[in-house]
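Asker: I'll drop the sequence and a predicted model, then ask my questions.
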Amino acid sequence: MQTRVIRRALQVTVLGGVFMVLLAVNAGAMIQGITGTSFNLTATTGHISTPDSGSYLIWGYANGAGLAQYPGPTIIVNEGDQVQVKLTNSLTVAGAGPAPNVSIVFPGQHVVVSPTDPGIPGILANEAAPGGTVTYQFTAAKPGTYTYYSGTDSALQVEMGLIGAMIVRPASGANYAYNHPDTQFDRETLFLLSEMDPRIHQVVETFGPDAVAATGYLANYFPVLWFINGRAAPDTMADNGVPWLPNQPYNCMPMMNPGDRLLMRVIGGGRDMHPFHFHGNHARVIARDGRLLESTPGAGPDLSHELFTIQSQPGSTVDAIFGWTGQGLGWDIYGSPAEGPEYVHECMDMDNDDFDDMTHEYCPDHYKPFPVTLPGSLELTFGGFYSGSPFLGLVQSLPPGEGGMNPNGGYTYMWHSHTEKEMVNYDIFPGGMMTMLIIEAPGVMIH
Amino acid sequence: MTNISKSLRVPVILLAAFFSVASPVSAIDLAAVEAEWTPPDSATPIPMWGFIADPGSCPAGPVAWDVGPLQVGSPGATLTINLRNCLSEPVSLVIPGQNATLTPVVQGNRVTAFTHEAPAGGTASYTWNNIKAGTFLYQSGSNPAKQVHMGLYGALTVGTYYQATDEALLLYSEIDPALHATAAAATPLTYKPKYFLINGDAFAAGQAVPVVSANAQVNKNLLLRFVNAGLMAHVPVMQGPYMKIIAEDGNPYPYAREQYSVLLAAGKTLDAIWRPEQSGTHALYDRSLSLSSNGAPGGGMLVYLNVQPFPWILFMPAITGAGR
């Protein structure tokens, strides 16, 4: 019922050109994670679910005594924080061999270990022995998007799931990506991309990690599952923290209103490159590996550039800002009087930027008619996202049982790996490294 | 956006002091020979082909394989490479990114080599005029899908970077032993490398991590020359510090790119400046996780960059390593 009220209110707002109250960014538009300066992570085992009914053993970082997560908790800190991460190794394994040591590396950070909890030396980082701990300390010196993962036998432990994201928010504020006005955003979404070769997980689950070497799978890697934030589509679009995915708490559901600036934080979490492709518009890449693309310090992202596919590299991060208004479609997304008198609306551009000051409608296309004559409903096959109307924010009648996934009449754009074989769940299309962007009409609350 | 005067400034930290031009190199004599490489987990050597400094005649048996001699020249010089072919099939030599007049070998309708070849048991000579500064890969131009992964490759470095007091070469490659046992029958279609090498060495779990660049110093610019002679992309990541990537394929960037990771595609070269802030060992590893050795985790493409403490005796080029 609430949805209906909002929709009705929206129609009045848009079609009547009534002045609207701008909605402030709410907390739900920000990436979920754990905050503070002192964190307790536990490496432990769990099982993830895939939409093809698969269930696979993972080794994941848990928040304290919580469940293993794939990926681990997104660590969200502020620029300048003295960060401490205590890692406890609670891994248990099958087979005769011991549980492995485990560690965390934070690329881009100058990490030291606590003198009182140094762990034991490893090749890339100090490690926690089975049942033991190690405490890492670093100053979150510069804002940006970062990743963390196991630096112990990374070829195996990253594959097993010991990966995560870290966000350092700048002094300028939580709705800035970096300390420059051009990095301000209205909403943000994490895209931690990874893949899995289930054979390795099955060998570890049945025989233990020591049995992996003899299989040769690490040198004959063949992933068949692909994930965004630890979920394969369509699970990417379920809510955060749904109870049926206890080890995969993070969704990937980018949503925005026209005119919003959506910050994409893209992380290569696995071992393969993924060309992450977004429909709807280009995005402006402003940073890589947590460093602004700027010519001189303080210049802002003056070396930024637009892409419609971000080539995500393993271990690397990319920040990009995506916008959408309908500019370039060549027709009025709110309809024209040619479609009926109820579509009468204004395009008010007081600041002469070509866009309506409230709805961000592209005024040069104002009242340009929809260029398609829609067939009758008996001649159509419907998808769950079709609202019954081509116009933004409108929901019109559909045959019984159709629609339903788009209650506010938004526009949907598929965002996915452009390595098309990665849009499957173990050979079943569609799925894998895929989600949908929802453009909600102005005034629709996004949560 | 960017204006031109800005784009001419490479904002890497410039070290104002020492550099010198290496003496012009006019001719290099190489031989393509049968070789062998012993993997870290087995006593049985893997047959390889390699470029070595020409011993004057063909070796009696396989030599120990290495990634080929490092060539240092001066920009603008004329480089001549004389190649002796001790293999049983024709071999040639190309340097992507350096200008040469190529005369492809055509058999029927098919190009079998990018340029003229040294026949089995014979010799050939290759010349590049006005050679360009930077980091390059040289490799066989004959049936490269087979001869390159057999080991006929190496790095060519031309000139010096005045921002760097020292440099380290990091040549990445892979070996799939299955394609080496019977080279004549090998097909790259089944290429699945088991060994992942940096500078011709593969690291395996339980061994000491290979150390590179013992001359690197705190607060001195170190040039890292990344070269990928393998068939796969790798992503070298430096654990902790950032690098400033200044050139790709021998072409300088208008602006340095500050990253801790480097996408090193097959056949690619990248030059990066790293200014260490701390002495000791710094791990550089492949984040595309070629971190296994014959399937066993805990090895692969991993080296330590060793950094000396700040030298308090300054202005002594012999100690600082300047002038390389």
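Answerer: Nice, thanks for sending it over.

Asker: how about A:S316, phi and psi?
Answerer: The phi and psi values for A:S316, taken as degrees, to the nearest 10, are phi -100, psi 160.

Asker: got the contact list for the nearest residue to it once chain neighbours are set aside?
Answerer: Among residues not flanking A:S316 along the chain, B:S261 sits closest, at 4.4 Å (Cβ to Cβ, 6 or more residues apart in numbering or on different chains). The C-beta positions use only the backbone N, C-alpha and C, and glycine is treated the same way. B:S261 sits next to A:107, A:289, A:313, A:315-316, B:235-238, B:287 when contact means Cβ atoms under 8 Å, 6 or more residues apart in numbering or on different chains.

Asker: Grab the two from these that are most spread out in space.
Answerer: Within these, two members stand farthest from each other by Cβ to Cβ: A:Q313 and B:M238, at 14.0 Å.

Asker: Look at those two and report which has more neighbours.
Answerer: A:Q313 (27 against 22; other Cβ atoms under 10 Å in any protein chain shown).

Asker: A:L437 contacts A:N257, correct?
Answerer: No. Using Cβ atoms under 8 Å as the test, A:L437 is too far from A:N257 to be in contact (11.9 Å).

Asker: neighbour count winner among these two?
Answerer: Remark: of A:L437 and A:N257, A:N257 carries more neighbours, 26 against 23, as counted by other Cβ under 10 Å.

Asker: so how far is A:D319 from the more buried one?
Answerer: According to Cβ to Cβ, to the nearest Å, A:N257 and A:D319 sit 21 Å apart.

Asker: just A:G388 next, same as before
Answerer: A:G388 is 37 Å from A:D319, where distance means Cβ to Cβ.

Asker: which of those two has more neighbours?
Answerer: Neighbour totals were compared for A:G388 and A:D319, and A:D319 leads with 30 against 16 (other Cβ under 10 Å).

Asker: got a list of what the residue of chain B found nearest chain A touches?
Answerer: The minimum distance from chain B to chain A, using Cβ to the nearest Cβ, falls at B:R287 (3.3 Å). By Cβ under 8 Å, 6+ apart, B:R287 lies in contact with A:154, A:268, A:271, A:313-316, B:235-237, B:261.

Asker: what's the answer for A:Q157, then?
Answerer: Shown in contact with A:Q157 (Cβ under 8 Å, 6+ apart): A:59, A:100, A:102, A:149-150.

Asker: Next, it: secondary structure please.
Answerer: Assigned with DSSP: H, G, I helix; E, B strand; the rest coil, A:Q157 falls in the helix class.

Asker: Check it and give its pLDDT.
Answerer: On pLDDT, A:Q157 comes in at 98.

Asker: Quick check: which ranges of chain A have low pLDDT?
Answerer: Counting by pLDDT under 70, chain A has low-confidence residues at A:1-28.

Asker: Now do stretch B:297-314, average pLDDT.
Answerer: 83.

Asker: Give me the packing partners of the strand or helix carrying B:E36, helices and strands only.
Answerer: Per DSSP states H and E, B:E36 falls inside strand B:27-37. When contacts are defined as 3 or more Cβ pairs under 8 Å, 6 or more residues apart in numbering or on different chains; DSSP states H and E, strand B:27-37 packs onto strand B:46-53, strand B:63-64, strand B:79-85.

Asker: now the ones you listed as JSON lines including mean neighbour count?
Answerer: Formatted as JSON lines, these follow (neighbours: other Cβ atoms under 10 Å in any protein chain shown):
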{"stretch": "strand B:46-53", "mean neighbour count": "22"}
{"stretch": "strand B:63-64", "mean neighbour count": "15"}
{"stretch": "strand B:79-85", "mean neighbour count": "20"}
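
Asker: Using TSV, please lay out the ones you listed together with mean pLDDT and distance to B:T112.
Answerer: Formatted as TSV, the helices and strands packed on strand B:27-37 follow (pLDDT from 0 to 100; distance: least, Cβ to Cβ, whole Å):
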stretch	mean pLDDT	distance to B:T112
strand B:46-53	95	17
strand B:63-64	96	26
strand B:79-85	95	15
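
Asker: can you put these in a markdown table and add distance to A:D357?
Answerer: Listed next are the helices and strands packed on strand B:27-37 as a markdown table, based on distance: least, Cβ to Cβ, whole Å:
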| stretch | distance to A:D357 |
| --- | --- |
| strand B:46-53 | 68 |
| strand B:63-64 | 74 |
| strand B:79-85 | 64 |
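
Asker: Output the ones you listed as TSV; include the columns distance to chain A.
Answerer: Putting the helices and strands packed on strand B:27-37 into TSV (distance: least, Cβ to the nearest Cβ, whole Å) gives the following:
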stretch	distance to chain A
strand B:46-53	14
strand B:63-64	24
strand B:79-85	32
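
Asker: any idea which of the contacts of B:S261 is closest to B:G134?
Answerer: The shortest approach to B:G134 among the contacts of B:S261 belongs to B:P236, at 18.1 Å (Cβ to Cβ).

Asker: can you count the residues close to that closest one?
Answerer: B:P236 has 27 neighbours, counted by other Cβ under 10 Å.

Asker: okay, and for the stretch 201-324 of chain B, where does confidence drop off?
Answerer: Scanning the stretch 201-324 of chain B for pLDDT under 70 picks out the ranges B:214, B:311-324.
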